[in-house]
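Novice: just coords:
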């Protein structure tokens, strides 16, 4: 079987769940025995989301190979349990950068460089790049909505793919909105009709429509959409609101999405093996009890800034048979006077990653509160660094202990710039990104949590634990329980005078799955459950 291609576009408005649709379809096809990979084409001109504000874009998801990517790749990985790569996240900025680099090298032999064919050829190269890998089906999601000016080259490129490959090797899926008008008690199909008309004007005829709706879609509306949009009635797929995000694949299975795709792509293995996913959903639906975890961050205007962290906390709940209620707490609101009122009602405290000095004191105060009151605590990246700063200040009595990120002149930089980057002041290209190995010290809490000596976790940071303070910190009880194989880089610290106080330099949330939660999140939730009983 040659490589099959699925393209998912969106219309009417953004935020309809193209990413969840792409992720769900990936899971359904994987459950039929196919090797699937998901890819995102984003129209913005940034080379990647790494320098974009979380308020603009939500979290930056990091792959094993160190690519800073769109948050939808997190959905893809959580649903399909496939570790993605830099080739799975392509932006218009990256495409133009590659084309301009080729032009400067003379690769185009003096030709006038144009959107067609040079930009579109570069896009197609990234789409076809998986043909050399062990992949049966490539699911490519286009960011934005049809008609956005910055996305036109992407639309043109996927149109060309439809002409270049066998017709039975490509399927176009268009995700649209059916708005409900409460005054007249009816769903409106006109926005979908116009969106499909726009897509057709660019030369793409959608094979399947996934229609987002808050209520059931009557058969007469489905038939009307099919007639006006030139698709078969059985290929108008309702996408209703689910009780749980991970229920969406099963709902789309019931509505026939995977069946329609298999038929169009002439796939032999059409019978789904969804039993394990169904068991997971049954477990989620039968959770009993609730634990409350405070997520103390600094980008609270957009909760998608901590999407993977919040999802990982919920995964930890699934493994412990409880619901996890995540409290999104703005660290700027936390002071010594307010901390008890804000955090006193929570069973656990998590301080996630971030950049910049805003809200840092609130994070330190939250960590101090967790340490002194024996509340289960997990620190991630910046959260780990601030746990070291807090301990140095309030246990060791080093009043000016700080991170060099926030105070370059501090005499006690317990957190400092990475050794390999000393003297570098540029904010670009200086981070430790992607998967790195970590050796866990025997007899520690980390060893109990992971149950193995060597692990691999993903990183995104440019500041590190300063080993000059290691001996003093460990003597006082904040031990280093995980390091790089050469022992130079501290990866995990834990407070041996606390029932559960652990912090990691890496981002465990990027590898957490609903049916296989990241060990640190599973252990945190377990500690919260024990705290309540």
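Specialist: Yep, that arrived. Keep in mind it's a predicted model, so treat the numbers as computed, not measured.
Novice: and residue 493, what element?
Specialist: Using DSSP states H and E, residue 493 sits within strand 490-495.
Novice: give me the next element, helix or strand, following that strand.
Specialist: strand 501-504.
Novice: what lines up beside that following strand in the sheet?
Specialist: Applying DSSP bridges to the sheet, strand 501-504 is found paired with strand 377-380 (parallel), strand 490-495 (antiparallel).
Novice: next structured bit after that strand?
Specialist: Downstream of strand 501-504, the next assigned helix or strand under DSSP H and E is helix 519-532.
Novice: how big is the angle separating that next one from strand 490-495?
Specialist: Between helix 519-532 and strand 490-495, the angle comes out at 10 degrees (axes from the mean of the first three to the mean of the last three C-alpha atoms, to 10 degrees).
Novice: against which helices or strands is helix 519-532 packed?
Specialist: When contacts are defined as 3 or more C-beta pairs under 8 Å, 6 or more residues apart in numbering; DSSP states H and E, helix 519-532 packs onto strand 290-297, helix 307-320, strand 348-351, strand 377-380, helix 445-450, strand 501-504. Where you see a C-beta, it was placed from the backbone N, CA and C, and this is true even at glycine.
Novice: which one of these lies nearest to residue 168?
Specialist: For those, distance to residue 168 was read as C-beta to C-beta. The smallest value, 35.9 Å, belongs to helix 307-320.
Novice: quick one, which residue of this protein lies the farthest from its center?
Specialist: No residue in the chain sits farther from the centre than residue 110, which is 41.2 Å out by C-alpha atoms, centre = their mean.
Novice: Three-state assignment for it, please.
Specialist: Of the three states, residue 110 takes coil under DSSP: H, G, I helix; E, B strand; the rest coil.
Novice: dihedrals phi and psi, it?
Specialist: Main-chain dihedrals, residue 110, degrees, to the nearest 10: phi 80, psi 0.
Novice: list the contacts for it?
Specialist: For residue 110, the contact set (C-beta atoms under 8 Å, 6 or more residues apart in numbering) is empty.
Novice: please, where are all the helices along the stretch 301-450 of the chain?
Specialist: Using DSSP state H, counting those that start in this stretch, the helices of the stretch 301-450 of the chain run over 307-320, 339-343, 360-372, 382-394, 445-450.
Novice: I'd say residue 446 and residue 483 touch.
Specialist: No. Assessed by C-beta atoms under 8 Å, residue 446 is found out of contact with residue 483, at 10.5 Å.
Novice: which of those two has more neighbours?
Specialist: Using other C-beta atoms under 10 Å, the more surrounded residue of residue 446 and residue 483 is residue 446, with 25 against 21.
Novice: quick check, central residue of this protein?
Specialist: Short answer for the chain (C-alpha atoms, centre = their mean): residue 74, at 2.7 Å.
Novice: hmm, who's touching the least confident helix or strand in the chain by mean pLDDT?
Specialist: Sorting the helices and strands of the chain by mean pLDDT, DSSP states H and E puts helix 54-57 at the bottom, at a mean of 78. Helix 54-57 has contacts (C-beta under 8 Å, 6+ apart) with 49, 60, 70-71, 299, 301-302, 304-305.
Novice: now with 7 Å, please.
Specialist: Helix 54-57 is contacted from outside by 49, 299, 301-302, 305, using C-beta atoms under 7 Å, 6 or more residues apart in numbering.
Novice: check which residues of it are buried.
Specialist: By neighbour count on 16 or more other C-beta atoms under 10 Å, the buried set for helix 54-57 is 54, 57.
Novice: run the chain-centre distance for it.
Specialist: The gap between where helix 54-57 is centred and where its chain is centred comes out at 13 Å by C-alpha atoms, centre = their mean, to the nearest Å.
Novice: neighbouring strands of the helix or strand following that helix in the sheet, and parallel or not?
Specialist: Counting by DSSP H and E, the next helix or strand C-terminal to helix 54-57 is strand 61-62. Next to strand 61-62 in the sheet, as set by DSSP bridges, lie strand 68-69 (antiparallel).
Novice: list the buried ones in the very next helix or strand once past the strand it pairs with?
Specialist: Using DSSP H and E, the helix or strand that follows strand 68-69 in sequence is helix 72-80. With burial defined by 16+ other C-beta under 10 Å, the residues of helix 72-80 counted as buried are 72-80.
Novice: who touches helix 72-80?
Specialist: Applying C-beta under 7 Å, 6+ apart, the external contacts of helix 72-80 come out as 19-20, 22-24, 26-27, 30, 36, 38, 40, 61, 63, 83-84, 88-89, 141, 249, 307-308, 311, 513-514.
Novice: out of the strands paired with strand 501-504, nearest to residue 392?
Specialist: For those, the distance to residue 392 is smallest for strand 490-495, at 11.3 Å, taking C-beta to C-beta.
Novice: turn the helices of the stretch 301-450 of the chain into TSV, including mean pLDDT and distance to residue 245.
Specialist: Converted to TSV, the helices of the stretch 301-450 of the chain look like this (pLDDT from 0 to 100; distance: least, C-beta to C-beta, whole Å):
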stretch	mean pLDDT	distance to residue 245
helix 307-320	97	8
helix 339-343	96	27
helix 360-372	96	28
helix 382-394	97	25
helix 445-450	98	26
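Novice: adding distance to residue 237, write those helices out as JSON lines.
Specialist: Output for the helices of the stretch 301-450 of the chain, formatted as JSON lines (distance: least, C-beta to C-beta, whole Å):
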{"stretch": "helix 307-320", "distance to residue 237": "25"}
{"stretch": "helix 339-343", "distance to residue 237": "44"}
{"stretch": "helix 360-372", "distance to residue 237": "44"}
{"stretch": "helix 382-394", "distance to residue 237": "41"}
{"stretch": "helix 445-450", "distance to residue 237": "41"}
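Novice: out of those helices, which is closest to residue 406?
Specialist: helix 360-372 (6.1 Å).
Novice: tell me which residues are up against that closest one.
Specialist: By C-beta under 7 Å, 6+ apart, helix 360-372 touches 296, 331-336, 339, 343, 349, 351, 377, 379, 383, 386-387, 389-390, 394, 406, 495, 498, 501.
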